[in-house]
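Colleague: Sequence first, predicted model second:
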Amino acid sequence: MENGQSRNIFDQMDAAQGDPRWVDDIKKDLSRQFPEHEMFARTGPYGRMGQTDLFRLLKAYTV
């Protein structure tokens with residue numbers, strides 16, 4: 001699969017709602033995942049952006 005095709009598929013999955021059963025669990029657990037890791041800590045250099053990116057990736061798996 002070409003890289004451009006992969007990106008397009010992720011964009012489609014990211015735009016989709018996601019399965020509410022899993023999305024609720026992801027939202028609940030998001031701040032608990034790797035709380036000390038600099039990419040996901042609220043006070044880290046990435047701030048909320050790291051958690052937002054992680055949410056988008058995990059939500060795409062629920063589609």
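Modeller: The structure has been received and is ready for your questions. Numbers count the residues shown, from 1 in each chain.
Colleague: Next one: the closest residue to residue 35 other than its chain neighbours from residue 34, what distance?
Modeller: Spatial nearest neighbour of residue 35, excluding adjacent residues (C-beta to C-beta, 6 or more residues apart in numbering): residue 41 at 6.1 Å. C-beta: built from backbone N, CA, C; applies to glycine. According to C-beta to C-beta, to the nearest Å, residue 41 and residue 34 sit 8 Å apart.
Colleague: So which residue is dead centre in this protein?
Modeller: Of all residues in the chain, the one closest to the mean position by C-alpha atoms, centre = their mean is residue 55, 2.2 Å from it.
Colleague: Not counting its neighbours along the chain, what's nearest that residue?
Modeller: Counting by C-beta to C-beta, 6+ apart, residue 30 is the residue found nearest to residue 55 once chain neighbours are left out, at 5.7 Å.
Colleague: longest single helix anywhere in the chain?
Modeller: Counting residues, the longest helix found in the chain (DSSP state H) is helix 48-62.
Colleague: And that one, what does it pack against?
Modeller: For helix 48-62, the packing partners by 3 or more C-beta pairs under 8 Å, 6 or more residues apart in numbering; DSSP states H and E come out as helix 3-15, helix 20-29.
Colleague: Many thanks, have a good one.
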